[in-house]
Each structure stands twice: as C-alpha cells, then as structure tokens.
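Asker: everything below, folded, please.
(4 chains)
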Number of protein chains: 4
Amino acid sequence: MSAVAQGFRYRRRVQFSETDLAGIAHFSAYFRFMEEAEHALWREAGLSIGAAEQTGGWPRVAAAFDYKSPLRFEDEFEVTVCIAELTRRSIRYAFTIMHDDMLVGTGTMTAVCTRKENGQLRAIDLPTDVVQRLQAAAGAPATAE
Amino acid sequence: MSAVAQGFRYRRRVQFSETDLAGIAHFSAYFRFMEEAEHALWREAGLSIGAAEQTGGWPRVAAAFDYKSPLRFEDEFEVTVCIAELTRRSIRYAFTIMHDDMLVGTGTMTAVCTRKENGQLRAIDLPTDVVQRLQAAAGAPATAE
Amino acid sequence: MSAVAQGFRYRRRVQFSETDLAGIAHFSAYFRFMEEAEHALWREAGLSIGAAEQTGGWPRVAAAFDYKSPLRFEDEFEVTVCIAELTRRSIRYAFTIMHDDMLVGTGTMTAVCTRKENGQLRAIDLPTDVVQRLQAAAGAPATAE
Amino acid sequence: MSAVAQGFRYRRRVQFSETDLAGIAHFSAYFRFMEEAEHALWREAGLSIGAAEQTGGWPRVAAAFDYKSPLRFEDEFEVTVCIAELTRRSIRYAFTIMHDDMLVGTGTMTAVCTRKENGQLRAIDLPTDVVQRLQAAAGAPATAE
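Answerer: Residues are numbered from 1 along each chain as shown, chains lettered A, B, ... in the order given. Reported below is the predicted structural model:
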C-alpha cells in the first residue's frame, strides 16, 4: 500500500478573512487548517474532541509548519492528516497541505491526553479505544510504542 | 461638560493578521475592537467579565457597525465607549473609533445579564453595583430607566 | 412561491478556534459566517469578489447581527443570504442563520461598488450584469430601484 | 552581559476572542503574538514591514511553538524576540513568552527577504541596513554568517 493512500483528507477553501495585505492566507491560518483536519478526523472516528474537553482535553505541547507555496483567496486546498507517532500520553499528527498538484506545506502538532483533577489538567495514558478509532479513521498502520 | 469628554478610551494598533487582501482591516475586526474596549472599561471599573462568565455571563443580543473610513496596518486608533442605554436586564454600549482626526466609524453592542441555572442562561436584573462602577468608569451620566 | 424558498444557502460547522471561553461561537464569528455566505453566492453566480478587488472592490459601509440562540463547537449551521435592497451604488444583503430548526440569528451587510482611481476608492454605479447574476443565484425577485 | 537582558520586549493582554472553549488562549493565537512582537521590533528599529510588502515582502518559510503553560483571558504576557540566526536571505527570530514568572512557551519564525518581479516573489540578499537596525533594536550581538 502506498504512503500516498494513507491519511484522512479534509478539504475547504481559503476565506477572505484569512487573507492578509500581502494577498495570501496569513501564516497563522495554517494552524487552524491543521486543527480543523484533526477534528474532522475525530468525527470520522466517531469521536468529538469537544466532549473530551469536559473531563480533561488534549492541549497542544508543540505545533510547527513549513511553508512551501502560498494559498490565495478562494483556493481549494486539501489537508491530509496522519498519526505520525504515539507515546504513552501523546499523539503527534503530521499534516500535508496540497493545492491541486502544488505542495503548500507540511506541519506537525503534538497533543497530550489529560484529565481534569481539582481544576488542574494532569497527563494520563492514551485511551486504547480512542487510539484505535483514530488509527482506523486515518487509515494508517500504528506506530505505537 | 462636553459630550466629547465622556466615555472611556482604549487605544491600540492594527495588526498584520487583521488586514485582508484589500489592504485594510477586515470588517469583522471592528467587532473585536469594540469588545476589547468594553473589557478595558470593565477593568477600569475594577471588574472582569471573565469572572462573570463563571456564574452566567453577558451574551450579546445585538451588534452593529457603520464604516466611514478604513484602517490600515499599524494605524493607531482610539475606541471611545459609552453606556448608551440601560434596560432592566441589558446594557447597550455605543462606540466611536477615531484614527487621528478621521472618523473610522461608529457601532453599538447590547449585552444581557444572565445567570446559569441548570446549564441554561436566564436573563436577570442588572446588578446595581456593576452598573454604578461601569458608569463611573465611562465618565457618563446615567441613562438608567 | 414562499419566502422560505428564496435565498442562497451556505452550510458549514463551527470550528474549535471560533469558540470562546463561554463555550459558544464568538459573536464576531457571525460576521465571517455572513461574509462566507456572500462570497459563496458570488461563486454560485460565476463571479469572484477577489477579482473585483484588483480594480476597486466592495467595501462594507454597514454590518449588523441580532443574536437569538448560540452556536457551539461542531454545530452544523446554514446561512441563507438574500439581496434585500439595491441602491444605485450599493447592495444590502440579508442573512438568516439556522441550526436545524433553531433560529441562530439574523443580520445585514451593505457593500458599496467602488473603482480605484489614483489609489483612492470612488463609488460607482452597480454593474448591471453583476446585479443580474447575483439576483439569479440568490433566487430572489429584484428589489431594484 | 546576560542572555536574559537581550531581546526586544512586547507586552499585551489576552483578549476574549482569543480564548476557546477550553478556557485558554487558542494555540494558533501564539503565532499572532510572535508576529506582533516581530513587527513591534521593526517599528523600534524605525522600519515597517508594511512598506516592505509593497515591493516584495518577508514571507515565512517556517514557524513553530512549544507550549509550556496556558494563557487565560486578561493575562498580561511578555514576548521577548531575538534574532537567532541570519543566513544570506533569511532571518530566524526566536521568541520567549512569559506570564509573570511562568514560562508560557518558546517559538521560532523564519522569514525570507523577497522582491516582486513580474508578480512573483524572488528571494534576495538581506539589506544590510535592515539587518543592522533590527540587531540594534533587538539589542543582540549579530550571529551573521
């Protein structure tokens, strides 16, 4: 199976409010694009990160993006999200954004599984069923440790 | 006392991410500018709308802005906020945005005082002390009914 | 023909970054929702407001929204946009946002047709073909004057 | 001279619209915080990245942030920006965000100097005077190569 076939895909357009005076999508918008794809993956897996927020949540510990070519107003782009790495308490997602055949850029985000205890978030082990559902939805072989 | 002297003033600059491909501040940014001035007024009054959110909150029921001249990247602007009207359960703020001597536009926002009951927000009477503090901070004569 | 059947419809979900600490979509987000529906209407009409920005543009002169019930994370909502009024040089759009059978709110935006002359925007008459295409796409009888 | 003394400092508060349903500043907001500090550094140096956008601009090629502790509504935070690395055609800024004595996180952004030629951006050598002014404003010894 080819690497290209893997990953969950999320598509949408660049909106006017996401452009800046340079005429391209603002560099901070790509972090929202990645998050939207992550949350669409959760929905595909029959999960909602919104429900998780009630009892704890998945705060980010790291996010990064490398920009290759700009997106402009109304460009339709596709974000592919994969599960790049699992540790005991964190998931690292990897993202590729394409605009037709053009590589827009690649990024990563790492989120930690937490539970709320006395108003504080404490890192806990990844729930097995959540991991399995996300892996199935991402169509990716586990890189669990 | 002149009308010009009234109102609480909040100043800041237009940031790059707030511009759009037309080279001006995006029209939705002005609603954030108004809210920032409202919250600065609350702080001036020794209050925080963040604390209020724990037990209820002040959801908006209406917001409007009339645009007169655009703001551009790095323009320093001043938002003046007044308490335009008080009803039993709501506050209507009025805003004027200036850039030096240029009128950028005027707007209004109406917020309702609510309390959380069984997970639902229910409108309640405005707390007298909150109203008095906001009026003092806004330097405005009461238009209470 | 019923009034309900009129207007162009645009659907999407509330994203995580559009919520605030009150747990609902931030009140400024609704202005972006309205604009997205407007631009989707333009695309439906075979037009792009992005192209228009090169030679002039459609700056807003007024925007307003009345909030009836909140939207939450992942809620799917539908924005219906109609052409409410045409003047010689401006279009006023009217918007209704629904979440299933719940009225989220209603709003309006007025945009003026302009041409760039020596770096300044000057209001010009609405191009007839643009108006006709938008009216056809909005499925609405003209309220032209 | 201690490393702590270096860097240009930019302060502001977390605004309501920057929080999300988890009650903290949204992770994408930190990229705007970094950019605001970068642009404040440019102003401190007597420069404006807005003027640069007319003839070319400084598109980002990479941005990253590591999150250590969350920011909440109305928290006052301080971004310290340093020039971490200069290549022939790019500047890499390093950022530290503090909230009182608490480390909020650290990040980097790399921007390339470009000139517009026939509508395309082409990377060019860093202008010497821009580099010198930024270094002086950042109070940092050059790490030029």
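Asker: contact residues of chain A facing chain B?
Answerer: Proximity of chain A to chain B, by C-beta under 8 Å from any C-beta of the partner chain, involves residues A:Phe16, A:Ser17, A:Thr19, A:Asp20, A:Leu21, A:Gly23, A:Ile24, A:His26, A:Ser28, A:Arg72, A:Phe73. Using the backbone N, CA and C atoms, a C-beta is placed for each residue, glycine as well.
Asker: name the single longest helix found in chain A.
Answerer: Looking across chain A with DSSP state H, the single longest helix is helix A:29-44.
Asker: what element comes up after that one heading to the C-terminus?
Answerer: Sequence-wise, the next helix or strand downstream of helix A:29-44 (DSSP states H and E) is helix A:49-55.
Asker: next one: that next one to chain centre, how far?
Answerer: Its chain's C-alpha centre and that of helix A:49-55 lie 16 Å apart, by C-alpha atoms, centre = their mean, to the nearest Å.
Asker: which strands or helices does it pack on?
Answerer: helix A:29-44 (3 or more C-beta pairs under 8 Å, 6 or more residues apart in numbering or on different chains; DSSP states H and E).
Asker: quick check: the gap between A:Leu121 and D:Ala25.
Answerer: 15 Å (C-beta to C-beta, to the nearest Å).
Asker: likewise for A:Gly139?
Answerer: As judged by C-beta to C-beta, A:Gly139 and D:Ala25 stand 33 Å apart.
Asker: the more surrounded of these two?
Answerer: Of the pair A:Gly139 and D:Ala25, D:Ala25 is the one with more neighbours under other C-beta atoms under 10 Å in any protein chain shown, namely 24 against 15.
Asker: so the more buried one touches D:Val14, yeah?
Answerer: Yes - here D:Ala25 reaches D:Val14: they are 5.0 Å apart, a contact under C-beta atoms under 8 Å.
Asker: need the pLDDT of A:Ala144.
Answerer: Per-residue confidence at A:Ala144 stands at 39 (pLDDT).
Asker: what do you get for A:Gly50?
Answerer: For A:Gly50, the model assigns a pLDDT of 81.
Asker: neighbours around the residue lying closest to it once chain neighbours are set aside, how many?
Answerer: Counting by C-beta to C-beta, 6 or more residues apart in numbering or on different chains, the nearest residue to A:Gly50 once its immediate chain neighbours are dropped is C:Phe73, at 4.3 Å. Burial of C:Phe73, expressed as a neighbour count using other C-beta under 10 Å, amounts to 22.
Asker: over to the one 3 residues further on?
Answerer: For C:Glu76, the neighbour count with other C-beta under 10 Å is 12.
Asker: please report how far it lies from chain A.
Answerer: Distance from C:Glu76 to chain A, counting by C-beta to the nearest C-beta, to the nearest Å: 11 Å.
Asker: so what pairs up with that residue in the strands?
Answerer: Beta-bridge partners of C:Glu76, counted by DSSP bridges, are C:Arg13.
Asker: quick one, what contacts it?
Answerer: C:Arg11, C:Arg12, C:Arg13, C:His99 (C-beta atoms under 8 Å, 6 or more residues apart in numbering or on different chains).
Asker: can you map out the strands along chain A?
Answerer: If you assign secondary structure with DSSP state E, the strands in chain A sit at A:8-13, A:56-57, A:60-67, A:76-86, A:90-99, A:102-112, A:114-117, A:120-123.
Asker: can you tell me which of those strands the model trusts least?
Answerer: Across the strands of chain A, strand A:56-57 gives the lowest mean pLDDT, at a mean of 84.
Asker: and that strand, which strands flank it?
Answerer: Next to strand A:56-57 in the sheet, as set by DSSP bridges, lie strand A:114-117 (antiparallel).
Asker: right, and A:Thr55 touches A:Arg115 too?
Answerer: Yes - counting by C-beta under 8 Å, a contact exists between A:Thr55 and A:Arg115, whose distance comes to 6.3 Å.
Asker: neighbour count: these two, which is higher?
Answerer: More neighbours sit around A:Arg115 than around the other of A:Thr55 and A:Arg115, counting by other C-beta under 10 Å; the figures are 14 against 9.
Asker: per-residue pLDDT, A:Ala137?
Answerer: Per the predicted model, pLDDT is 95 at A:Ala137.
Asker: I figured it hits A:Phe8, correct?
Answerer: Yes - with contact taken as C-beta under 8 Å, A:Ala137 and A:Phe8 are classed as touching, separated by 5.7 Å.
Asker: neighbour count for these two, which is higher?
Answerer: When A:Ala137 and A:Phe8 are compared on other C-beta under 10 Å, the one with more neighbours turns out to be A:Phe8, at 23 against 20.
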